[in-house]
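J.: Predicted model follows, preceded by the sequence.
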Amino acid sequence: MKRAAVDSSSIRSLGYAEDEQALEVEFHNGSLYRYERVPPEAVQALLAAGSLGRHFNQVFKPCQFPCRRLR
């Protein structure tokens, strides 16, 4: 999955595969996570947020979506 750089102090890049409903999040510390069953609306809300890191921590970090660490 190809990821694109984002403007965030905590998140380096994001990648989304709509057909798989999978979101990959790469952090500045080098860790990479894959979130499953993420609807497109959730990704759009993340990208539209005033703070990607804050929105991510409120919505994704509590493991609302199944996730696993890739590295």
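T.: Okay, I see it. Numbers count the residues shown, from 1 in each chain.
J.: can you give me the helices for the chain?
T.: Ranges of helices within the chain are 40-48, 52-59, based on DSSP state H.
J.: Reformat those as TSV; add distance to residue 67.
T.: In short, each C-beta sits where N, CA and C put it, glycine included. Formatted as TSV, the helices of the chain follow (distance: least, Cβ to Cβ, whole Å):
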stretch	distance to residue 67
helix 40-48	13
helix 52-59	11
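J.: of all those, which gets the most neighbours per residue?
T.: helix 52-59 (a mean of 16; mean count of other Cβ atoms under 10 Å).
J.: That helix versus helix 40-48: what angle between them?
T.: 140 degrees (axes from the mean of the first three to the mean of the last three Cα atoms, to 10 degrees).
J.: contact partners of helix 52-59?
T.: With Cβ atoms under 8 Å, 6 or more residues apart in numbering as the test, helix 52-59 has contacts from 6, 7, 8, 9, 10, 11, 25, 42, 45, 46, 49.
J.: And stretch 21-40, by the same measure?
T.: Contacts of stretch 21-40 (Cβ under 8 Å, 6+ apart): 1, 3, 9-16, 18, 20, 42-43, 56, 60, 65-71.
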